[in-house]
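Novice: Need coordinates for the below:
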Amino acid sequence: MKKIALISLYGVENTGIRSISSVLKNDGIETYLIFFKKWLNNDIVLPSKEEKQILVSLLKELEIDMAGISFTSPFAGVAREIASFVRRSLNIKIISGGIHATVRPEECLEWCDFVCRGEGEYAMLELVRALGGKEEIGEIENITFRKNGRLISAGIRPLIQNLDDLPFQDYGGDNKFFIEKRLCRTDPMAESRELRVFASRGCPFNCSYCYNSIFREIYSGQRYFRPRSVEKVICEIEGVLSRFKKINRIKFDDDTFIFPREWVDEFCDKYEKRVGLPFEILFNAECIDEYMVTKLKDAGLKRVQVGVQTGSKDESENSFDRNLPSAKIIKFAWLAKKLGLNVVYDIILDNPLSTYDDKIELVNFLLSLPRPFDLFLYSLTVFPGTKMAEKLLRAGIISEDDIEGRSTKSFHQFRLSLSYPRDSSELFIASLVSLVSKRFVPKPLISLLAKNAYLKRHPLALKWSAELCNNIKLLSVASRMLREGTLSTTKFREYGLPRRFLIQ
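Specialist: As a prediction, this is how the structure comes out:
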């Protein structure tokens with residue numbers, strides 16, 4: 001029987017390899033999960049030679065036959081480097097998987113033996129069986145490889161429609177390892193205070209900057225948004241909580257938490273009775289349903305992350321391929337305020353397709369929302385294969401070297417910071433947007449600053465003021481997290497140094 005190691009680069013949650021591991025283990029396959037380094041906000045530290053040697057030594061100790069490397073596009077170069085380092089020491093098969101491997105399989109085959117495209121659970125199971133001599137590799141859907149220089153692919157298998165058929169994700173146990181300067185023989189999630197859960201797969205929307213715009217094209221004609229049953233979701237949470245006693249908050253990481261009323265009713269009843277922890281969701285205001293939001297609040301909902309991205313209808317529709325339901329966002333904002341929910345709005349800046357008027361519309365729209373609220377500011381990051389990449393390439397605004405995989409912009413500027421180099425007008429807008437969420441800064445003052453032509457040309461003083469105000473707010477956020485018991489050493493390490501600070 002083959003021994004398999006699944007390696008996650010810079011992602012200790014990585015629900016993908018945890019799900020694949022459970023499927024393999026259920027088939028009696030000896031599987032190990034190795035979490036290689038943690039993600040740090042805007043401060044990615046590349047692997048050292050010592051860390052790579054620790055990985056090789058561990059693979060040798062475990063007598064691994066095949067290693068799977070799971071990574072996102074920014075870490076394509078790191079994946080290549082690690083695979084090359086492993087190959088110099090060990091004679092094992094290497095397979096790559098994840099979004100980047102799905103979009104750029106031929107690029108990945110320059111350094112690995114196989115690529116797993118799309119959902120990996122059953123493809124990996126069939127591949128491992130085939131390597132044991134039980135099946136023909138060339139007939140396995142989702143698996144791509146080269147034979148005698150020729151690309152072999154049986155195509156993409158249909159999406160898993162009944163997610164309840166999958167076993168629960170693999171948490172805890174003695175088959176987990178974490179490498180960060182040294183080897184820890186434990187699941188890194190064991191010390192976490194937050195558990196991320198998916199109650200569905202897929203997204204009802206098709207935003208140009210998101211990987212869903214890739215997968216919707218690959219899986220055209222299939223039911224893309226697929227919910228799990230409430231009972232399966234609750235049982236999985238209960239299982240993880242029984243292992244990891246420090247978890248005191250649940251985050252549902254579904255692209256959009258949108259389910260039928262019957263599902264929500266059952267979820268609220270079972271979650272409140274059997275889990276009872278505060279939880280948060282991602283939400284699209286197009287789907288606002290006062291009944292649903294109120295029910296979720298009564299069941300323990302504390303925080304809602306709402307995708308706004310822009311205040312300009314033109315930018316939203318023409319750049320981001322999404323609607324901008326301004327009235328519904330405002331309606332939701334007032335509902336959240338009435339219910340006492342903490343709200344954070346996702347905003348994207350540094351979009352080369354947006355006009356200055358688009359940016360001012362964003363400032364004015366945010367000023368129209370009731371405080372308090374937080375912000376998650378993102379600098380537009382271009383991922384391979386997305387509709388946004390196609391738009392910018394077609395317009396001649398970027399080259400392939402500006403797309404993640406070749407570019408590593410997200411190592412330093414995925415979440416927006418004011419210290420990152422940008423032109424005066426962009427810095428001016430970013431500073432204004434940062435100030436909008438500070439309720440101790442009067443809205444009329446921000447409106448006045450937005451009309452100042454001198455500050456637009458010379459925004460440094462505004463930037464320094466925005467950074468000072470953000471630091472004051474971060475102290476408040478840290479105090480709140482301390483009271484809630486959610487400020488862990490992990491969170492502090494990810495965001496606690498000045499270069500890792502978030503704008504909120």
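
Novice: did I read that right, Thr256 in a strand?
Specialist: No: counting by DSSP: H, G, I helix; E, B strand; the rest coil, Thr256 is not part of a strand but coil.

Novice: contacting residues around the spatially closest residue to it that is not a sequence neighbour?
Specialist: The spatial neighbour of Thr256 that comes closest, neighbours along the chain excluded (C-beta to C-beta, 6 or more residues apart in numbering), is Asn284 at 4.7 Å. Heads up, the C-betas are built off the backbone N, CA and C, glycines and all. Contact analysis of Asn284 by C-beta atoms under 8 Å, 6 or more residues apart in numbering lists Pro204, Phe205, Thr256, Ile258, Val306, Gly307.

Novice: out of these, what pair is the most spread apart?
Specialist: Farthest-apart pair in the contacts of Asn284 is Pro204 and Val306; separation 15.1 Å (C-beta to C-beta).

Novice: In terms of neighbours, single out the busier of the two.
Specialist: The neighbour count for Pro204 versus Val306, taken as other C-beta atoms under 10 Å, is higher for Val306 (23 against 14).

Novice: does the more buried one count as helix, strand or coil?
Specialist: Applying three-state DSSP: Val306 is strand.

Novice: now it: how far from Leu324?
Specialist: Separation of Val306 from Leu324 (C-beta to C-beta, to the nearest Å) stands at 12 Å.

Novice: and if you look at Tyr10?
Specialist: Computed as C-beta to C-beta, the Tyr10 to Leu324 distance reads 33 Å.

Novice: show me where the stretch 301-450 of the chain has helices.
Specialist: Taking DSSP state H, counting those that start in this stretch to define them, one finds helices in the stretch 301-450 of the chain at 313-318, 326-339, 356-367, 387-394, 410-413, 424-436, 443-450.

Novice: got TSV for those helices, with mean neighbour count and mean pLDDT too?
Specialist: Output for the helices of the stretch 301-450 of the chain, formatted as TSV (neighbours: other C-beta atoms under 10 Å; pLDDT from 0 to 100):
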stretch	mean neighbour count	mean pLDDT
helix 313-318	17	96
helix 326-339	17	95
helix 356-367	19	97
helix 387-394	18	96
helix 410-413	18	94
helix 424-436	22	97
helix 443-450	14	97
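
Novice: So which of those is nearest Ala190?
Specialist: In terms of C-beta to C-beta, the element of these nearest to Ala190 is helix 410-413, at 27.0 Å.

Novice: Return the closest one as CSV; C-alpha atoms alone will do.
Specialist: Taking Å, rounded to 0.1, in the frame of the first residue of the first chain, the C-alpha atoms of helix 410-413 are listed here in CSV:
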residue,chain,number,x,y,z
SER,A,410,0.2,39.4,-2.7
PHE,A,411,3.3,38.6,-0.5
HIS,A,412,3.4,42.3,0.4
GLN,A,413,0.1,43.8,-0.6
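
Novice: what about the most centrally placed residue in the chain, distance to Val240?
Specialist: In the chain, the residue lying closest to the centroid (C-alpha atoms, centre = their mean) is Asp253, at 8.1 Å. Distance of Asp253 to Val240, computed by C-beta to C-beta: 14 Å.

Novice: now swap in Val233 and tell me
Specialist: 11 Å.

Novice: Compare those two and say which is more crowded by neighbours.
Specialist: Remark: of Val233 and Val240, Val233 carries more neighbours, 24 against 18, as counted by other C-beta under 10 Å.

Novice: Next, the contact list for the closest residue to the more buried one other than its chain neighbours, please.
Specialist: By the measure of C-beta to C-beta, 6+ apart, the closest residue to Val233 outside its immediate chain neighbours is Ala199, 4.8 Å from it. By C-beta under 8 Å, 6+ apart, Ala199 lies in contact with Pro227, Arg228, Val233, Phe252, Asp254, Phe257, Phe259, Phe267.

Novice: what do you get for Phe414?
Specialist: Asn41, Asn42, Pro74, Tyr378, Ser379, Thr381.

Novice: and of those, the nearest to His412?
Specialist: Nearest member of those to His412, counting by C-beta to C-beta, is Asn42, at 5.4 Å.

Novice: where does the residue lying farthest from the centre of the chain land in three-state SS?
Specialist: Within the chain, the residue lying farthest from the chain centre (C-alpha atoms, centre = their mean) is Tyr454, at 38.2 Å. Three-state assignment for Tyr454 (three-state DSSP): helix.

Novice: per-residue pLDDT, it?
Specialist: Note for Tyr454: predicted pLDDT of 95.

Novice: same question, Tyr219
Specialist: If you check Tyr219, the pLDDT there is 94.

Novice: ok, now Phe440?
Specialist: On pLDDT, Phe440 comes in at 95.

Novice: count of neighbours near it?
Specialist: Using other C-beta under 10 Å, Phe440 has 9 neighbouring residues.

Novice: same check, this time on Asp298
Specialist: Asp298 has 11 neighbours, counted by other C-beta under 10 Å.

Novice: Can you give the contact residues for the strand or helix carrying it?
Specialist: If you go by DSSP states H and E, Asp298 is part of helix 290-299. The contact list for helix 290-299, computed with C-beta under 8 Å, 6+ apart, reads 261, 264-265, 267-269, 271-272, 279, 281, 301, 304, 332, 335-336, 339-341.

Novice: Repeat that for stretch 456-476.
Specialist: With C-beta under 8 Å, 6+ apart as the test, stretch 456-476 has contacts from 418-419, 424-425, 427-428, 430-432, 434-435, 437-438, 440-441, 449, 455, 501-504.

Novice: Now do the buried residues in that stretch.
Specialist: Lys456, Pro459, Leu462, Lys463, Ser465, Ala466, Glu467, Cys469, Asn470, Lys473, Leu474 (16 or more other C-beta atoms under 10 Å).

Novice: Need the worst-confidence member of these.
Specialist: Minimum pLDDT across the buried residues of stretch 456-476 is recorded for Leu474, with 87.

Novice: Assign a three-state SS to that residue, would you?
Specialist: Using three-state DSSP, the structure places Leu474 in helix.
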